[in-house]
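# from the sequence below, what's the structure:
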Amino acid sequence: MNLDLRIFHSINDFARDTPWLHPLMAAYANDGLLVFLVLLLAGWWLARKSTDPAAMVAAVWTPLGVLAALLVYYPIAVSVNEARPCNALHDIVVLHCNTDGGFPSIHVVIAAAVTAGLWLVDRRLGIVAALATALMAFARVYVGAHYPRDVLAGLALGIVVSMAGYALARPVLRRFLGFAGRTRLRLLVTNTPTDTTDGVRKLQ
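Numbering: from 1, shown residues only. Predicted structure coming up:
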């Protein structure tokens, strides 16, 4: 038995021993991405209040980074088409299962991409998102939907694509926000008074 399978069985045995956790872990594994939607909104709100224009650049990029990560994810998932443990293994605890490929974990890809973007917006919010992502990765294995390698690949893909994409898109987003700061969209990108132009200049 390889290391990945041993870790999976250790987590699955923990799931077997903690039936009281099943409703919570299953709910988070299935619907926990709603937490990341709330974190995205929190990131935008903090960036809007920030005096550092780069925070809003990162906040605008974060959902775009998720889309970029998903564009990379889909061809990988289709080509690998890995059977999930809930479909391939017997005598295990299964709290959630799908029939599509399990590598990498799409839930963790999304969570990791959000976390990478929010880390650039605000470090404290990034830490909260990182903890939520770690819990999501664990929960997806706990419920039997993924192997550990699936969630690790999801973490790597989400973070790498988001960070690399941000480096490429930042100049364009800075120009866009500089323009938006001079239009009616200004209230969406900053809460500074209209006659305060320093933030707009920095974005240009």
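# now Ile7: closest residue in space that isn't a chain neighbour?
Nearest non-adjacent residue to Ile7, counting by CB to CB, 6 or more residues apart in numbering: Pro148, 4.7 Å away. All C-beta spots, glycine's among them, are computed from the backbone N, C-alpha and C.
# over to Met56?
Closest to Met56 by CB to CB, 6+ apart is Ala47, at 4.2 Å.
# roughly how far does that neighbour sit from Ala164?
Computed as CB to CB, to the nearest Å, the Ala47 to Ala164 distance reads 21 Å.
# which of these two has more neighbours?
Set Ala47 next to Ala164 and count neighbours by other CB atoms under 10 Å: Ala47 wins out with 25 against 14.
# pretty sure that one contacts Leu41?
No - counting by CB atoms under 8 Å, Ala47 sits too far from Leu41 to count as a contact (10.7 Å).
# what's the neighbour count on Arg123?
Arg123 has 9 neighbouring residues, counting by other CB under 10 Å.
# please apply the same query to the one 10 residues further on.
Each residue near Thr133 was counted by other CB under 10 Å, and the total is 28.
# so it sits against Val108, correct?
Yes - using CB under 8 Å, Thr133 is in contact with Val108, at 7.0 Å.
# quickly list what's touching both of those two.
Residues touching both Thr133 and Val108 by CB atoms under 8 Å, 6 or more residues apart in numbering: Leu155.
# give the contact list for the closest residue to Val72 other than its chain neighbours.
Leaving out its chain neighbours, the residue that sits closest to Val72 by CB to CB, 6+ apart is Val161, at 5.3 Å. Val161 makes contact with 65, 68-69, 72, 113, according to CB under 8 Å, 6+ apart.
# quick check: the farthest pair among these?
Spatial extent of these (CB to CB) is set by the pair Gly65 and Val72 at 10.8 Å.
# can you tell me the closest non-neighbouring residue to the residue nearest the centre of the chain?
The residue lying closest to the centre of the chain (CA atoms, centre = their mean) is Ala111, at 1.9 Å. If the residues on either side of it in the chain are set aside, Ala111 comes closest to Thr133, at 4.1 Å by CB to CB, 6+ apart.
# so which strand or helix has the one you found?
helix 123-142 (DSSP states H and E).
# got the angle for the helix or strand just after that helix vs helix 123-142?
Once the chain leaves helix 123-142, the next helix or strand it forms, by DSSP H and E, is helix 148-180. Calculated by axes from the mean of the first three to the mean of the last three CA atoms, to 10 degrees, helix 148-180 forms an angle of 150 degrees with helix 123-142.
# rounded mean pLDDT for helix 148-180, please.
Mean per-residue pLDDT for helix 148-180: 91.
# over to stretch 89-101?
On average, stretch 89-101 scores 91.
# then stretch 41-51?
Rounded mean pLDDT across stretch 41-51 is 90.
# using PDB, list the CA coordinates for that stretch.
The C-alpha trace of stretch 41-51 is given here as PDB (Å, rounded to 0.1, in the frame of the first residue of the first chain):
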ATOM      1  CA  LEU A  41     -16.800  39.800  -0.600                       C
ATOM      2  CA  ALA A  42     -14.800  40.500   2.500                       C
ATOM      3  CA  GLY A  43     -11.700  40.900   0.400                       C
ATOM      4  CA  TRP A  44     -13.400  43.400  -1.800                       C
ATOM      5  CA  TRP A  45     -14.600  45.400   1.200                       C
ATOM      6  CA  LEU A  46     -11.200  45.500   2.800                       C
ATOM      7  CA  ALA A  47      -9.600  46.500  -0.500                       C
ATOM      8  CA  ARG A  48     -12.100  49.300  -1.000                       C
ATOM      9  CA  LYS A  49     -11.200  50.700   2.400                       C
ATOM     10  CA  SER A  50      -7.500  50.200   2.000                       C
ATOM     11  CA  THR A  51      -5.100  53.100   1.200                       C
END
